[in-house]
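S.K.: Everything below, folded, please.
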Amino acid sequence: MKQKTVSSNSNRLKRSALAVAVIVGILLCVLIAWPFLGAITWALTLAILFSPLHVRVEKVVRHPNIAALLSTAIVIVVVVVPAIFVVERLITEAASGILSLQARVESGELQALLDSHPSLAPLESWIDRQFDLPSMMASVATWLSNIGATFVKGSLLQAVEVFITFYLLFYFLRDRLAAKTMIKAWLPLTPPETEQLLRRVVETVHATVYGTLAVAAVQGTLGGLMFWVLGLPTPLLWGLVMGLLSIVPVLGAFIVWIPAAILLILDGSWARALILAAWGGIVVGGIDNVLRPMFVGNRLRLHTIPAFISIVGGLLLFGAPGFILGPLAATMTVLLVEIWMRHETSSQTSE
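M.R.: I've put the predicted structure just below:
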């Protein structure tokens, strides 16, 4: 009896030591992988988004390595090339817009506009006390110009991260079935629960990227287009800003077009102000109600408040990858809690 007790205690001690070793190993692996968090996140996201394309490529190209290489090359052409062009144009336009605004400040045009509206005198005096607009505009213009030059030349760190992203994407596409098998073997869940978890991950990525980004891209494009039609400065820049604001729940493109409409009214351009307000309120604002159910539906499975917290909190915690990791962590946690509650209910019923 004593030998069985000693053997049981020894086995328990070994299992505990093994559990501690596994936890320490996992923590060390997380610390090691942390510098590559962005590359891993974007590679996984691209692998999920372009997995259907890769399946089609595999049907044509039977060799796994060549198929994965071809799919990765397609993703590079589809994603990287347009992104480089848009960002370069955006930085150039932002710098030119700041220079234009700086010229208007130095020429006294904005001062004359404020002077023509006496009701804005308190605002004008407060701005004069708090800010040195000409020097601020000069500093921002110089900063944007430096960013543009840096982006065009390309920093070594950014180039390495992009390379690692597509290096990982190649293996994520090629070995996705083996990775799925390993995940099923490692997770302490039943096969249906594991399938549900993996399906929820795919749905969350699709909802976040296709839903949130697609709607934001359409809203930003429509807003920037109207800025261009009305002859407002830097439409590409403000279109991107409206798109970025549309990503975050509660916020939206109205934060840009409402002040722009007010400035047009102050400038005496009532017709352009009314057109901008109508376009922003009806078209840009209404398109969200049309497209979001089509792209997102019930895939994200989060209320507006948790969605807002998960996106903003993810961005604050992880940086840019948090845009994906925040909603992903929230939806996976909700699902795991649901699975745990089902287990608890079934165990209580069996008792």
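
S.K.: Give me the buried positions along the lengthiest helix in the chain.
M.R.: In the chain, with assignment by DSSP state H, the single longest helix is helix 2-33. Going by neighbour count (16 or more other Cβ atoms under 10 Å), nothing in helix 2-33 comes out as buried. Any C-beta I mention is one placed from the backbone N, CA and C, and that applies to glycine too.

S.K.: Using CSV, list the CA coordinates for the very next helix or strand once past it.
M.R.: Remark: after helix 2-33, the chain's next helix or strand is helix 37-49, criterion DSSP states H and E. Below are the C-alpha coordinates for helix 37-49, written out as CSV (Å, rounded to 0.1, in the frame of the first residue of the first chain):
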residue,chain,number,x,y,z
LEU,A,37,4.5,39.2,-33.7
GLY,A,38,3.6,41.5,-36.6
ALA,A,39,5.0,39.2,-39.3
ILE,A,40,3.3,36.1,-37.8
THR,A,41,0.0,37.9,-37.4
TRP,A,42,-0.1,39.3,-41.0
ALA,A,43,1.2,36.0,-42.4
LEU,A,44,-1.6,34.0,-40.7
THR,A,45,-4.1,36.6,-41.7
LEU,A,46,-3.0,36.4,-45.4
ALA,A,47,-2.9,32.6,-45.2
ILE,A,48,-6.6,32.5,-44.0
LEU,A,49,-7.8,35.1,-46.5
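
S.K.: what's next to helix 37-49, contact-wise?
M.R.: 33, 75, 79, 161, 164-166, 168-169, 172-173, 176, 201-202, 205-206, 209-210, 318-321, 324-325 (Cβ atoms under 8 Å, 6 or more residues apart in numbering).

S.K.: Now the buried members of these.
M.R.: 75, 79, 164-166, 168-169, 172-173, 176, 201, 205-206, 209, 318, 321, 324-325.

S.K.: circling back to that earlier point, quick one: distance of the longest helix of the chain to the chain centre.
M.R.: Relative to its parent chain, helix 2-33 has a centroid offset of 38 Å by Cα atoms, centre = their mean, to the nearest Å.

S.K.: quick one, that helix and helix 37-49 angle?
M.R.: Here helix 2-33 runs at an angle of 90 degrees relative to helix 37-49 (axes from the mean of the first three to the mean of the last three Cα atoms, to 10 degrees).

S.K.: same question for helix 2-33, mean pLDDT?
M.R.: Mean pLDDT, computed over helix 2-33, is 78.

S.K.: How many residues are close by Leu53?
M.R.: 15 (other Cβ atoms under 10 Å).

S.K.: May I ask which helix or strand encompasses it?
M.R.: Going by DSSP H and E, Leu53 is part of helix 51-60.

S.K.: Okay, buried residues for that helix please.
M.R.: His54, Val57, Glu58.

S.K.: Surely the first one and Leu173 touch.
M.R.: Right, His54. Yes: with contact defined as Cβ atoms under 8 Å, His54 counts as touching Leu173 (4.8 Å).

S.K.: Off-centre distance for the helix or strand encompassing Leu263?
M.R.: Assigning secondary structure by DSSP H and E places Leu263 in helix 254-266. In terms of Cα atoms, centre = their mean, the gap separating the centre of helix 254-266 from the centre of its chain is 27 Å.

S.K.: and the angle from the helix or strand following that helix to helix 254-266?
M.R.: Note on helix 254-266: by DSSP H and E, the next helix or strand toward the C-terminus is helix 270-278. Here helix 270-278 runs at an angle of 170 degrees relative to helix 254-266 (the same axes, to 10 degrees).

S.K.: And helix 270-278, how far out from the chain middle?
M.R.: Using Cα atoms, centre = their mean, the offset of helix 270-278 from its chain centre is 31 Å.

S.K.: Quick check: end-to-end length of stretch 32-42?
M.R.: This stretch, stretch 32-42, spans 17 Å end to end (Cα to Cα, to the nearest Å).

S.K.: when you give positions from now on, start the count at 56
M.R.: In the new numbering, first residue 56, that becomes stretch 87-97.

S.K.: now the helices for the stretch 106-255 of the chain?
M.R.: Listed in chain order, the helices of the stretch 106-255 of the chain (DSSP state H, counting those that start in this stretch) span 106-115, 119-130, 136-162, 164-170, 176-185, 188-208, 211-229, 231-241, 246-261.

S.K.: State the mean pLDDT of the third one.
M.R.: Per-residue pLDDT values across helix 136-162 average out to 68.

S.K.: where in the protein is pLDDT low?
M.R.: 56-64, 145-146, 148-212, 304-305, 348-356, 405-406 (pLDDT under 70).

S.K.: what's the residue closest to the geometric middle of it?
M.R.: Nearest to the mean C-alpha position of the chain, by Cα atoms, centre = their mean, lies Phe378 at 3.8 Å.

S.K.: got CSV for the buried residues of helix 106-115, with distance to Thr388 too?
M.R.: Below are these laid out as CSV (distance: Cβ to Cβ, whole Å):
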residue, distance to Thr388
His109, 29
Val112, 34
Glu113, 33
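
S.K.: With respect to Ala326, which of the residues you listed is nearest?
M.R.: Proximity of these to Ala326 (Cβ to Cβ) peaks at His109, which lies at 51.2 Å.

S.K.: tell me the contacts of the closest one?
M.R.: Ala122, Ala123, Ser126, Leu228, Arg231.

S.K.: Name the residues contacting each of His109 and Leu228.
M.R.: Contacts common to His109 and Leu228, judged by Cβ under 8 Å, 6+ apart, are Ala122, Ala123, Ser126.

S.K.: Who wins on neighbours among those residues?
M.R.: Ser126 (25 neighbours).
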